[in-house]
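Trainee: turn this into a structure:
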Amino acid sequence: METKSSSFLTFMLNGELFAVGVQKVLEIIETGAEHSVTNLPKAPETVEGVVNFRGNVIPIVNSRQKFDMPIYGAADKFVIMVLKLMLNNTEQIVGAMADKVVDVIEIDEKEVQAVPEVGKGLNSEFITGVLHRNNQFITLLDFEKAISSDEIIQLKTDEEAEEEIEAAELEG
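Mentor: Coordinates of the predicted model:
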C-alpha cells in the first residue's frame, strides 16, 4: 500500500521546529535595508507591519506573538516567509516572521501524529500534526487557520481609510 508524501519547509521559532507545506510558500525574504518592515499605526497586535513584495504591499504577521512566544527584540534577526493563503475564499499574500528557515523535507503522511490533547489552554486548531524525526519534534502548521482573516481584513480596512484620508487632504 502506497502512502502519500508531501514537501514541507521547516523553520525555527524560539528554538522550536515548525513546518508549513511548500505549496504555500512563494519566497523567503532576508530582512535588512532592502526589505525592512514598516510599522503601521493601529494594526492588529499580531501584525508587525508591511513590506514591499514584488511591487505589492503585504502584511507581516509576527509568528512568535501569534503563537504566544517571546517577541522579537529590536536587534533580533528574522526572515519573512511569503505565503499564498486562502482567507475568506480570497487568495491573499501574507508574510510570516520566522527566526530562520532550516530545510525543505519530505514527510510521509504515516509519520504524522495527531496533536495530543494536553488541556483546554492549548490553541491547537492551526496545528495539523506533529512528527518526531532525528530526535526532535516538528510541528506542522496550517497558516490559513493560524492567520485570522479578521486581522488581514482589519488591516486592509485601516489602510483603505488612511488612503482615503490622504487623498482627501491632497484634494483640499
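Trainee: who's in contact with the one helix or strand residue 101 maps to?
Mentor: Element membership of residue 101, judged by DSSP states H and E, is strand 100-108. Where contact means CB atoms under 8 Å, 6 or more residues apart in numbering, the residues beyond strand 100-108 that reach it are 3-12, 17, 19, 22, 28, 77-79, 81, 131, 133, 138, 140. Every C-beta, even on glycine, is put in place using the N, C-alpha and C of the backbone.
Trainee: can you say which of these are buried?
Mentor: 8, 9, 10, 11, 17, 19, 78, 79, 81, 131, 138, 140 (16 or more other CB atoms under 10 Å).
Trainee: roughly how far does the fifth one sit from residue 130?
Mentor: With distances taken as CB to CB, to the nearest Å, residue 17 is found 10 Å from residue 130.
Trainee: now do the fourth one
Mentor: Here residue 11 is placed at a distance of 15 Å from residue 130 (CB to CB).
Trainee: the third one too?
Mentor: Taken as CB to CB, the spacing of residue 10 relative to residue 130 amounts to 13 Å.
Trainee: now do the shared contacts for the two.
Mentor: If you check residue 10 and residue 130 against CB under 8 Å, 6+ apart, the residues they both contact are residue 138.
Trainee: ok so, going back, and the buried ones among the contacts of strand 100-108, which two are furthest apart?
Mentor: With CB to CB as the measure, no two of these lie farther apart than 78 and 131, at 24.4 Å.
Trainee: give me every residue that touches the nearest residue to residue 7 once chain neighbours are set aside.
Mentor: Leaving aside its chain neighbours, residue 7 sits nearest to residue 22 (4.3 Å; criterion: CB to CB, 6 or more residues apart in numbering). Under the criterion of CB under 8 Å, 6+ apart, the neighbours of residue 22 are 7, 8, 9, 104.
Trainee: of those, which is the nearest to residue 114?
Mentor: Looking across the contacts of residue 22 and measuring by CB to CB, the closest to residue 114 is residue 8, at 17.0 Å.
Trainee: so the closest residue to residue 39 other than its chain neighbours bridges to which residues?
Mentor: Leaving aside its sequence neighbours, residue 39 sits nearest to residue 49 (CB to CB, 6+ apart; 4.3 Å). Counting by DSSP bridges, residue 49 is bridged to residue 60.
Trainee: hang on, isn't residue 49 packed against residue 31?
Mentor: No. Using CB atoms under 8 Å, residue 49 makes no contact with residue 31, being 11.1 Å away.
Trainee: overlap of the contact sets of these two?
Mentor: In contact with both residue 49 and residue 31: residue 37, using CB under 8 Å, 6+ apart.
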